[in-house]
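Asker: Make a model of this:
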Amino acid sequence: MSAVKIGIAGPVGSGKTSIIEELTKMLQDSFKIAIVTNDIYTKEDADYLKSRLNIPSEMIIGVETGGCPHTAIRDDISMNKKACEELEKKFNPEIIFVESGGDNLSTTFSYELVDFYIYVIDVAQGGDIPRKKGAGLIFCDLLIINKTDLAPFVDVDLNLMLKDVKNARQNRPFVFVSKKEPSSLLAVKEWVEALRS
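Answerer: Purely as a prediction, here's the structure:
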């Protein structure tokens, strides 16, 4: 069975890399995991994950897009596709996380690159983000609203945000999470596990 490829997109600072880090730690005893990251001119996110995760560093590839990261996951996917193919050929992983560089609300993944994709927003960017919608937020397979612990400090009403998320997502799945509450990520872990069943 080939790897399930899961894209993770979202604005700069929304917590994409941290979510991949935590999910990998939660899943690595059950699944062989590989990771592709995207940055414009660096491999910063890949280097960070290599320093924090207990998986072979060769299973984490940093792609330098040289331009808007969303182009490399939606339009010209060749660099990311090559990285995924290399990981599959060498390591036969069960899950490959493909992290976009920081992007905007209109960002979506090409389904020629990934099988499913997660979109991450965070509370600190403003409670009105769900009302602004955007293709990534509306059409992703799973929406994560991150950093809920910051709500009191940035004057965000989580109940109102929940109402707006439900309106934007209709019947599509979403989850509110916080790194300060590791159990909040269990729903995301279970969602990923279900993709392999």
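
Asker: what about this protein, any weak spots by pLDDT?
Answerer: Applying pLDDT under 70 to the chain picks out no residues at all.

Asker: Kindly recompute the last result at 80.
Answerer: In the predicted model of the chain, residues 1, 67-70, 103-104 satisfy pLDDT under 80.

Asker: which residue packs closest to the residue of it most remote from its centre, ignoring adjacent ones?
Answerer: Distance from the centre of the chain peaks at Asp155, with 25.3 Å (C-alpha atoms, centre = their mean). What sits nearest to Asp155 in space, not counting adjacent residues and going by C-beta to C-beta, 6 or more residues apart in numbering, is Gly127, at 7.9 Å. For glycine as for every other residue, the C-beta is placed from the backbone atoms N, C-alpha and C.

Asker: That neighbour: neighbouring residues, count only.
Answerer: Number of residues near Gly127 (other C-beta atoms under 10 Å) recorded here: 18.

Asker: ok, back up a step: surely the residue farthest from the centre of the chain is in a helix?
Answerer: No. Judged by DSSP: H, G, I helix; E, B strand; the rest coil, Asp155 forms no part of a helix; its state is coil.

Asker: Okay, the residue nearest to Asp155 and Ala151: tell me how far apart.
Answerer: 8 Å (C-beta to C-beta, to the nearest Å).

Asker: Can you check which residues contact both of the two?
Answerer: Both Gly127 and Ala151 are contacted by Asp157, Met161, under the criterion C-beta atoms under 8 Å, 6 or more residues apart in numbering.

Asker: Show me what the longest helix along the chain is packed up against.
Answerer: Of all the segments of type helix in the chain, defined by DSSP state H, the longest one is helix 78-91. Packing partners of helix 78-91 (3 or more C-beta pairs under 8 Å, 6 or more residues apart in numbering; DSSP states H and E): strand 33-39, strand 60-64, helix 69-74, strand 95-99.
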